[in-house]
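> Here is my input, please return the structure:
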Amino acid sequence: MPIRPFLAGRVFDPETIAEMAQAFQRACDLIRLRELDDLANELVAEKIIELVERGVVGADELCARAVKELTGRE
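The predicted structure is shown next:
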């Protein structure tokens, strides 16, 4: 599932976008989200973008923190 539709004009370097995309896909898989149009997908994407803007790096860390902050589970 691509994260680019959720970037809404925000600019990130290609490596960061790749990490965000991996984190987004993994987080959606862990939370068991499948539909790209689903509001829950948007919440996951926005959380990952927020985390990057707060300085969190790496797909694994982004995924783990997004899942934890959105669901309360690790």
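> Where does the prediction get shaky in this protein?
1, 36-37 (pLDDT under 70).
> helix or strand right after the longest helix along it?
Ordering each helix of the chain by length in residues (DSSP state H) puts helix 14-31 first. The helix or strand immediately downstream of helix 14-31 is helix 39-53, counting by DSSP states H and E.
> Return the distance of the helix or strand that comes right after that next one from the chain's centre.
Next helix or strand after helix 39-53 toward the C-terminus (DSSP H and E): helix 59-71. Averaging C-alpha positions (CA atoms, centre = their mean, to the nearest Å) puts helix 59-71 8 Å from its chain's average.
> What is helix 59-71 packed up against?
Counting contacts by 3 or more CB pairs under 8 Å, 6 or more residues apart in numbering; DSSP states H and E, the secondary-structure elements packed against helix 59-71 are helix 14-31, helix 39-53. Where you see a C-beta, it was placed from the backbone N, CA and C, and this is true even at glycine.
> now for the first one, which elements pack on it?
Using 3+ CB pairs under 8 Å, 6+ apart as the contact criterion, the elements in contact with helix 14-31 are helix 39-53, helix 59-71.
> Pipe those into a markdown table and attach mean neighbour count per row.
Output for those, formatted as a markdown table (neighbours: other CB atoms under 10 Å):
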| stretch | mean neighbour count |
| --- | --- |
| helix 39-53 | 18 |
| helix 59-71 | 18 |
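> Output those helices as TSV; include the columns distance to residue 16.
Putting the helices and strands packed on helix 14-31 into TSV (distance: least, CB to CB, whole Å) gives the following:
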stretch	distance to residue 16
helix 39-53	6
helix 59-71	10
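> among the ones you listed, which is nearest residue 21?
helix 59-71 (8.2 Å; CB to CB).
> what residues does that closest one touch?
The contact list for helix 59-71 (CB atoms under 8 Å, 6 or more residues apart in numbering) reads 18-20, 22-23, 26-27, 30-31, 43-44, 47-48, 51-52, 56, 73-74.
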